[in-house]
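Chemist: got a sequence here, can you build the structure:
(one chain, ligands or ions: 1)
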Amino acid sequence: MPGKTNIIDIHQHVNWLGKHDEDLISYMDNAGVDKCWLLSWESVDGGLEQGYQHLSISDVYKTFKKYPKRIVPFCGVDPRRRDAEDILETLHKRGFRGYGELKFRILADNPDFIRMLRLAGKLKMPSLCHLDVDIPATPQWYLGDISHFERAAKLCPNTAMIGHGPGFWREISGDAEKVDAIYPTGKVVKGGRLEKVLEANKNVFADLSAGSALKALSRDVVYTKKLLTKFRKKIMYGTDYYDTRMLEFLKSLKLDKGVFSDIIGGNAKRLLP
Ligand SMILES: [Zn+2]
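Modeler: Next comes the predicted model:
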């Protein structure tokens, strides 16, 4: 169909929650998703983490080989691995196009991580970062908060840095630092760091996947519509599930057609043609 933007889901996994590659493809077919970015989660100290699920780079690769037209493969090589840079370069040669999911218990401005992000930038691999902040109720943090993420973005200006997760989306509101909850609720307070970071850093993008984005964007739909319109070239559709809740939500906002098509696929396609 001329002029129709294909939907790209920039945040997917396989072989997790009892779901396999056939489930992924049937979700995509049912939801009208043309392609997805398929992410790993490999952490060298994952065994020490409560909520860790090993999502291997090799499973991503197998799925990509089986469905090469539907899958854009990502590899989240742990920067603490020996020869991490060599591994990333080798995987890039094998066809991997992005660096992620990056969900480690190190701060995002850790020098080992910066080295990897710079290499990813050189290889034109967008880097997808999961942020979770340390709050008393849940002592499970990843990459630190948005200030560490922004520092990494400034240190790696040639790397497309995509923010995702509760630690990223909580910053939609200006009072995020005072709230002791993973998923803050209530009206958005002006002056959120999310908007500032998107505004100040050309290389920062936002991933709409998971409950974290949906919950944050549901807090104040008037603000959300303005945010999505203002940053229409930086915000990308993703799910982290096999469902269409975010797609339905975006449709319900009745965004300008061009804004909607940028978000559901145009931006992802520009970033990874
Ligand atoms: Zn994920």
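Chemist: okay, CA-based contacts and neighbour counts for the rest of this
Modeler: Noted.
Chemist: my read: residue 63 touches residue 21, true?
Modeler: Yes - at 6.5 Å, residue 63 counts as touching residue 21 under the criterion of CA atoms under 8 Å.
Chemist: more crowded one of those two?
Modeler: When residue 63 and residue 21 are compared on other CA atoms under 10 Å, the one with more neighbours turns out to be residue 63, at 22 against 19.
Chemist: list the contacts for the more buried one?
Modeler: Listed by CA atoms under 8 Å, 6 or more residues apart in numbering, the contact partners of residue 63 are 14, 21, 71.
Chemist: run the last query once more with 7 Å
Modeler: The contact partners of residue 63, by CA atoms under 7 Å, 6 or more residues apart in numbering, come to residue 21.
Chemist: host element of it?
Modeler: Under the criterion DSSP states H and E, the helix or strand holding residue 63 is helix 57-66.
Chemist: after that helix, next one along is what?
Modeler: Downstream of helix 57-66, the first helix or strand assigned by DSSP H and E is strand 71-73.
Chemist: quick one: neighbours of residue 85, just the number.
Modeler: Under the neighbour criterion other CA under 10 Å, residue 85 is assigned a count of 19.
Chemist: was I right about it contacting residue 114?
Modeler: No - using CA atoms under 7 Å, residue 85 is not in contact with residue 114, being 11.2 Å away.
Chemist: how about the helices in the stretch 151-273 of the chain?
Modeler: Taking DSSP state H, counting those that start in this stretch as the criterion, the stretch 151-273 of the chain carries its helices at 166-169, 193-200, 210-218, 221-230, 245-252, 257-261, 267-271.
Chemist: out of those, which is the most enclosed?
Modeler: Across the helices of the stretch 151-273 of the chain, the average number of neighbours (mean count of other CA atoms under 10 Å) peaks for helix 166-169, which reaches a mean of 26.
Chemist: so which elements touch it?
Modeler: The criterion is 3 or more CA pairs under 7 Å, 6 or more residues apart in numbering; DSSP states H and E, and the helices and strands that helix 166-169 contacts are helix 210-218.
Chemist: quick one: contacts for residue 179?
Modeler: Applying CA under 7 Å, 6+ apart, one finds that residue 179 lies in contact with no residue.
Chemist: over to it: give its phi and psi.
Modeler: Backbone geometry at residue 179, expressed as degrees, to the nearest 10, gives phi -100, psi 130.
Chemist: where's it relative to residue 81, distance?
Modeler: The span separating residue 179 from residue 81 equals 35 Å under the rule CA to CA, to the nearest Å.
Chemist: next, the buried residues of the helix holding residue 63.
Modeler: Across helix 57-66, burial judged by 16 or more other CA atoms under 10 Å covers 57, 59, 60, 61, 63, 64.
Chemist: nearest residue to the last one in space, please, no chain neighbours.
Modeler: Residue nearest to residue 64 in three dimensions, not counting chain neighbours: residue 71, with 5.3 Å by CA to CA, 6 or more residues apart in numbering.
Chemist: what bridges to the one you found?
Modeler: Note on residue 71: beta-bridge partners residue 36, judged by DSSP bridges.
Chemist: how far away is it from residue 33?
Modeler: According to CA to CA, residue 71 and residue 33 sit 11 Å apart.
Chemist: pick out whichever of those two has more residues nearby.
Modeler: For residue 71 versus residue 33, the count of surrounding residues by other CA under 10 Å is larger for residue 71: 23 against 19.
Chemist: so who does the nearest residue to residue 259 once chain neighbours are set aside touch?
Modeler: Across the structure, with CA to CA, 6+ apart as the measure, the residue nearest residue 259 apart from its sequence neighbours is residue 232 (5.6 Å). Taking CA under 7 Å, 6+ apart, we find residue 232 in contact with 259, 262, 263.
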